[in-house]
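sequence unknown, structure follows:
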């Protein structure tokens, strides 16, 4: 039975990967067409010209689609395997001409022991799941070894390709719109649409978002010749965000996929990880002891693994501010990272440890440099701006992106925004480009 379930799981995951790959590739090609419409204009768009050739390349589409497959795809595969397991059990019992209650009871008995321990593991995982658990896993597990660093680099390099495919229309970085000549109000509507990131094109065939004026003198928002929304021009001018958001919601074809990806990221990946660990333990124990005690001891060891992992990701730390700052001088990089994480979370002024951070901005640890950039956002010392500008050139994607966010918070002026524009136009990493672009649009939109 396990063999058949493994086959079902693999086939389902493969089918999801094929669909995800085609979805991402289609989104990339559509994005490339939109970028071609804006070529030659002075509009700031990302991805920049360095990344345009990658949009019709199957390699980035493949790596990007893996993000969808190993989040939402895991959820689908697990659900299908669970349904297949129930069907197999019921089918066997019906063939033996027993009642309906027997297979359900048998299934419950067979899964009781591992189920208890798996449930306990997941409860511990959920209890400690907060926004920092992803950063902690990245900092303490991935970025602490060459293989993990490679995995992290792949994620931050190619995940934007997947994000572009599943984003709601209003959040896409490149959005195009065509306005019918009878719409009028060009002096009013054009700045409104530009403010929300919609670039106006000259051909109706080049975009799916079309605005026309109806016989009742209302604005009609169309998507692929289908009227999505009708609104009075005055109402739209008074509250454009409301109606553009409504249009986006009504044309959002990736909402279900995003939900599956979110569920997979929070539950599917941890569940598959712990299930893999459990069955690995069970396979080893079953070689030396009978199956039933093997399951029991595998569950116990799995629970111990979950507790140990939680302790590793959430080490004990002092609550006193001076003691936390003293951790910055620790010989252990994990202690220093934890201290910066705590200081950043508290949002306290760090002027008195400016020199210490200056030493650590060149640390060989990627995670430590990342938290230096995050922490400098809370500094009021003049040299912090200079330090952050230096960190913009960091070769690691997450460090450069963190420096952009902190520098925007620390010194959002015209000179800084011009620097962000240059980064968006010249850096080769899409993730860094997006961060710089978001800072520029946030500055102009505030």
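Noted; the coordinates are in hand. Quantities reported herein were computed from a predicted structural model and do not represent experimental measurements. Numbers count the residues shown, from 1 in each chain.

Please make it C-alpha for all contacts and neighbour counts, starting now.
Noted.

Mark out where each domain of the protein begins and ends.
2-165+256-310, 169-253, 321-445 (automatic domain parsing).

Please compute how far the second one lies from its chain's middle.
Read that as domain 169-253. 28 Å (CA atoms, centre = their mean, to the nearest Å).

Let me have the domains of the chain in TSV, extended by mean neighbour count and mean pLDDT.
Output for the domains of the chain, formatted as TSV (neighbours: other CA atoms under 10 Å; pLDDT from 0 to 100):
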stretch	mean neighbour count	mean pLDDT
domain 2-165+256-310	17	80
domain 169-253	16	88
domain 321-445	19	90
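
Quick one: name whatever helix or strand follows the longest helix seen in the chain.
The longest helix of the chain (DSSP state H) is helix 2-37. Once the chain leaves helix 2-37, the next helix or strand it forms, by DSSP states H and E, is helix 58-68.

how close does residue 282 sit to residue 243?
Separation of residue 282 from residue 243 (CA to CA, to the nearest Å): 55 Å.

now swap in residue 60 and tell me
34 Å.

same deal with residue 308?
Distance from residue 308 to residue 243, by CA to CA: 49 Å.

Can you tell me the SS state at residue 298?
For residue 298, the assignment made with DSSP: H, G, I helix; E, B strand; the rest coil gives helix.

quick one: contacts for it?
Contact analysis of residue 298 by CA atoms under 8 Å, 6 or more residues apart in numbering lists 114, 278-279, 281-282, 285.

so how far is the longest helix of the chain from its chain's centroid?
The answer for helix 2-37 is 17 Å, by CA atoms, centre = their mean.

Then stretch 60-79?
On CA atoms, centre = their mean, the centre of stretch 60-79 falls 12 Å from the chain's centre.

What lies in contact with that stretch?
With CA under 8 Å, 6+ apart as the criterion, stretch 60-79 contacts 8-9, 12-13, 16-17, 20-21, 24-25, 28, 54-55, 154-155, 158-162, 257-265, 268-269, 272.

Swap in 7 Å and give it another go.
Residues outside stretch 60-79 that contact it (CA atoms under 7 Å, 6 or more residues apart in numbering): 9, 12-13, 16-17, 20-21, 24-25, 54, 158-159, 161-162, 257, 260-261, 263-265, 268-269.

okay but residue 436 is in contact with residue 404, surely?
Yes: with contact defined as CA atoms under 7 Å, residue 436 and residue 404 form a contacting pair (6.4 Å).

any idea where the strands of the protein begin and end?
For the chain, the strands defined by DSSP state E occupy 175-179, 198-200, 209-213, 218-223, 226-232.

Output the ones you listed in JSON lines; the columns should cover distance to residue 353.
Shown next, in JSON lines, are these (distance: least, CA to CA, whole Å):
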{"stretch": "strand 175-179", "distance to residue 353": "44"}
{"stretch": "strand 198-200", "distance to residue 353": "44"}
{"stretch": "strand 209-213", "distance to residue 353": "52"}
{"stretch": "strand 218-223", "distance to residue 353": "54"}
{"stretch": "strand 226-232", "distance to residue 353": "55"}
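
Tell me which of those sits nearest to residue 409.
Nearest to residue 409, of all the strands of the chain, is strand 198-200, at 25.6 Å by CA to CA.

name the helices or strands packed onto that closest one?
The contact analysis (3 or more CA pairs under 7 Å, 6 or more residues apart in numbering; DSSP states H and E) places strand 198-200 against strand 175-179.

Parallel or antiparallel, list what pairs with the strand it packs on.
Using DSSP bridges, strand 175-179 pairs in its sheet with strand 198-200 (parallel), strand 209-213 (parallel).
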